[in-house]
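Trainee: Sequence and predicted model, in that order:
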Amino acid sequence: MSLKPKVALSNDFLIQLSKLPSSVHTKVMKWAVKFQSDPRSSGINYENINGARDPNLKSVRIDGDWRGIVFKPSSGDVYVLLYVDHHDSAYHWAESRKLAINPVTGAMQLVNLEQVTETVSTDVVTATAPTPVATPLFASLQDRELMSLGVPEDLLTLAKGVHSDAELDAIQSQLPVEAYEGLFLVAAGDTVSQVLNARETRVDKVIDLQDFAAALATPESQSRFVVVSDDETLAAILNAPLAQWRVFLHPMQQKLAVGDRSGPVRVLGGAGTGKTVLAMHRAKWLAENRTKDGQKVLFTTFTRNLAGDVEQNLKTLCGASTLAKLEVRNLDAWVNAFLRTRKLEHRIVYDRKQEGALQAWQAALAVRDTGLDLPDDFYEQELAHVVLAQGITALDEYRMARRIGRGVVLSRAKRDAVWPVFEEYRGQLASRKLKDVDDAYREVAALLAADVEATGKYSAIVIDETQDFGPQALKLLRAMVVRGENDLFFVGDGHQRIYSRHKAAMSKCGIDIRGRSRKLYINYRTTDEIRRQAVALLEGIEVDDLDGGHDETIRYRSLSHGPAPTIVNVTGLESAYGEVAKFLSQWRTADSKAEETLSFCVVASSEKVRDALAQQLQAAGVPTVAITAQSKNTDERGTVYMSTMHRAKGLEFDCVAVVAPSIYVAATEGNANHRQLLYVALTRAKRGALLVLN
Ligand SMILES: Nc1ncnc2c1ncn2[C@@H]1O[C@H](COP(=O)(O)OP(=O)(O)OP(=O)(O)O)[C@@H](O)[C@H]1O
């Protein structure tokens with residue numbers, strides 16, 4: 001009995017399929033289903049392609065003039081559907097392509113040899129020009145080292161000819177994603193072994209260059225090829241809207257999404273590097289493979305609207321049985337629900353400026369010792385950064401509290417004199433049936449410590465936007481799931497911390513990530529031009545890695561390019577509106593289908609400005625929708641979304657106009673929070689961005 005052949009699709013095939021007219025699309029899909037079920041069927045006629053550089057590439061007739069290009073090696077039983085087009089274009093595409101196995105990593109790589117020849121010959125012309133040529137960037141690397149980073153054997157000459165970051169960026173589209181990433185990391189100062197260790201890539205294996213079935217199993221291959229083992233898998237892929245992230249993960253995303261990890265994992269990555277995508281795939285894998293009946297995987301994040309967005313996306317990624325094992329809820333909603341099950345009726349205070357909390361705070365300040373001569377905001381900061389953050393509930397604890405970074409030194413006598421304000425605040429809140437959110441986290445964590453049933457409910461917790469969780473929230477997350485394999489999976493980015501009081505070190509909250517910390521570098525969302533501008537806003541700001549160490553931005557790169565963001569200074573809201581309207585109309589004029597294809601968002605620094613701009617847009621006949629905590633779907637076309645900077649976190653749009661006070665860009669340390677808000681806002685844009693400073 002012969003085994004069923006292995007059939008795979010390439011990302012190029014799916015991209016090409018999505019561009020075909022719908023009548024052809026349907027025919028190709030039907031044909032692909034037949035092909036998947038039996039690629040050796042006598043009805044499929046594999047034609048050789050004259051002049052093809054790779055004899056394993058064959059043409060197959062799909063319908064009329066339409067041809068598929070299939071990789072069918074002479075040995076083994078692997079078939080890869082690579083491309084589809086009209087006869088001549090398909091043949092032309094195939095003539096210069098070669099599919100080969102990287103001799104060091106074992107990954108399958110598709111190379112366009114025509115482009116290689118062109119680029120190399122251009123380099124030769126440059127090299128013979130009279131101007132002195134700098135040393136090539138990767139001159140010190142051996143061929144084997146270059147290939148271990150992912151450079152295909154056929155592209156070694158191309159990689160060796162790179163002299164600068166700009167030249168590397170110019171050949172990015174010709175390189176497999178792992179090769180481009182490996183090269184820019186080395187160009188940024190990493191050693192090859194640092195890159196390989198971080199990737200968990202073994203390069204000591206003997207690679208069989210003819211074993212394409214084995215090659216398809218590597219995470220690198222899976223970033224561009226997907227094996228379709230049955231009709232259902234194929235239909236699910238062909239019928240889903242084309243969104244690469246559903247099927248093709250970056251090799252690091254793939255590695256982290258599947259398999260067991262011995263304890264908590266932390267994944268860092270700048271804006272748009274696919275952290276949420278990874279977190280969703282991880283949650284799916286855990287639900288499907290490591291969750292007993294009766295248990296669930298909790299996917300949590302900071303804001304409610306982001307949880308709604310993730311929930312929508314998970315519905316398109318997972319089948320019903322997987323969804324039944326997934327719970328998506330922002331942490332505050334989870335805490336509220338838990339308190340209700342315990343019949344604890346306190347309302348939680350998220351914003352101390354809100355009515356009840358404000359009154360409580362004013363009453364607390366009234367008992368302060370005026371002889372100390374400390375300003376009101378000292379007490380506010382002390383409450384947030386020391387008392388609530390560290391969960392201090394008694395004077396004895398406050399006397400011993402760490403107050404690093406607080407500026408003012410407090411003697412024991414002063415601490416004794418300050419403490420009554422905080423005690424009074426809690427008392428005032430309690431008399432109003434209110435509880436500060438950090439205290440609520442702490443108390444729920446304590447309740448869970450004695451509740452085996454509640455902690456056994458989850459097989460794992462996946463946490464997005466970790467940078468916005470303070471120490472008490474992290475301790476609560478630790479308490480919500482039993483310690484063990486795969487228990488906690490955190491993704492986050494310190495550059496995007498927009499609630500500065502929430503800075504926390506995971507290790508101090510009982511979360512040990514040693515040996516399980518990874519990073520994503522490729523920005524899939526934002527053009528490199530927008531990314532660079534956004535990163536420039538962070539210049540000089542020290543950013544942490546969520547665990548007490550430092551993080552940096554120099555190693556990130558985007559795969560796409562476009563116009564640089566426009567930055568304009570204006571006076572008054574009317575002028576700001578004028579710039580926003582101009583930006584929207586420019587994008588709409590440039591693309592006649594913009595109304596149906598592009599998503600737009602205006603991000604303002606406050607609700608007041610957001611609403612004022614919305615009113616003006618509506619008056620000009622532009623429909624707008626405000627993003628609120630309840631928003632679930634922000635993907636509609638034909639409308640302009642209106643958001644505050646905080647609400648925009650985690651979301652994305654094709655074109656984003658940001659309106660902020662000009663002081664937000666001031667390059668001072670004290671202004672770090674505003675600059676981080678701008679960073680978050682600008683990096684919501686995929687293609688076009690405008691920054692209006694008012
Ligand atoms: N493997 C992938 N292939 C193609 N696109 C991807 C991939 N991973 C992520 N993306 C796309 O990149 C964009 C950013 O992804 P995602 O929202 O997961 O990033 P993020 O790191 O969570 O961003 P942020 O921190 O800014 O919220 C999305 O449009 C997503 O679909």
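Mentor: Yep, it's here.
Trainee: what's the span of stretch 142-154 from first residue to last?
Mentor: 15 Å (C-alpha to C-alpha, to the nearest Å).
Trainee: Likewise for stretch 4-22?
Mentor: 31 Å.
Trainee: wait, does it contact the ligand?
Mentor: No: interface with the ligand: stretch 4-22 contributes nothing (C-beta under 6 Å from any ligand atom), its closest point being 8.6 Å away. From N, CA and C alone the C-beta is placed, and that goes for glycine too.
Trainee: could you give me the average pLDDT of that stretch?
Mentor: Averaging pLDDT along stretch 4-22 yields 91.
Trainee: Name the residues of it that are buried.
Mentor: Neighbour counts using 16 or more other C-beta atoms under 10 Å place Lys6, Val7, Ala8, Leu9, Ser10, Asn11, Asp12, Phe13, Leu14, Gln16, Leu17, Leu20 of stretch 4-22 among the buried residues.
Trainee: helix, strand or coil for the third one?
Mentor: Yep, that's Ala8 we're talking about. strand (DSSP: H, G, I helix; E, B strand; the rest coil).
Trainee: With Leu249 as the reference, measure out to it.
Mentor: 15 Å (C-beta to C-beta, to the nearest Å).
Trainee: So what does the nearest residue to Leu141 once chain neighbours are set aside look like in phi/psi?
Mentor: For Leu141, ignoring the flanking residues on the chain, the nearest one in space by C-beta to C-beta, 6 or more residues apart in numbering is Val192 at 6.8 Å. For Val192, the backbone dihedrals (degrees, to the nearest 10) come out as phi -60, psi -40.
Trainee: Number of residues surrounding Val192?
Mentor: Val192 has 20 neighbouring residues, counting by other C-beta atoms under 10 Å.
Trainee: Tell me how far it lies from Ser229.
Mentor: 35 Å.
Trainee: Where does the prediction get shaky in the stretch 201-350 of the chain?
Mentor: 241 (pLDDT under 70).
Trainee: Which residues of it lie near the ligand?
Mentor: 244-245, 248-250, 253, 269, 271-277.
Trainee: now with 8 Å?
Mentor: Within the stretch 201-350 of the chain, the positions near the ligand by C-beta under 8 Å from any ligand atom are 223, 243-245, 248-250, 253, 269-280.
Trainee: dump the residue contacts of the residue in the stretch 351-500 of the chain that the ligand sits nearest to.
Mentor: In the stretch 351-500 of the chain, no residue comes nearer to the ligand than Asp493, which is 5.2 Å away by C-beta to the nearest ligand atom. Applying C-beta atoms under 8 Å, 6 or more residues apart in numbering, we find Asp493 in contact with Leu268, Gly269, Gly270, Ala271, Thr273, Lys275, Gln467, Asp551.
Trainee: Kindly report the same for Gln253.
Mentor: Here Gln253 is in contact with Gly274, Val277, Leu278, His281, Leu520 (C-beta under 8 Å, 6+ apart).
Trainee: Number of residues surrounding the residue in the stretch 551-694 of the chain that the ligand sits nearest to?
Mentor: Nearest to the ligand in the stretch 551-694 of the chain, going by C-beta to the nearest ligand atom, is Gly650, at a distance of 4.4 Å. When neighbours are counted by other C-beta under 10 Å, Gly650 registers 23.
Trainee: Please apply the same query to Ser507.
Mentor: Ser507: 14 neighbours (other C-beta under 10 Å).
Trainee: ok, it to the ligand distance?
Mentor: 22 Å (C-beta to the nearest ligand atom, to the nearest Å).
Trainee: Could you do Thr218 as well?
Mentor: Relative to the ligand, and taking C-beta to the nearest ligand atom, Thr218 is found at 15 Å.
Trainee: Please name the nearest non-neighbouring residue to the closest residue to the ligand within the stretch 501-650 of the chain.
Mentor: Shortest the stretch 501-650 of the chain-to-the ligand distance, computed as C-beta to the nearest ligand atom: residue-wise this is Tyr524, at 3.2 Å. Spatial nearest neighbour of Tyr524, chain neighbours left out: Gly274 (5.4 Å); criterion: C-beta to C-beta, 6+ apart.
Trainee: residues in contact with the one you found?
Mentor: Here Gly274 is in contact with Trp245, Leu249, His250, Gln253, Leu520, Ile522, Tyr524 (C-beta under 8 Å, 6+ apart).
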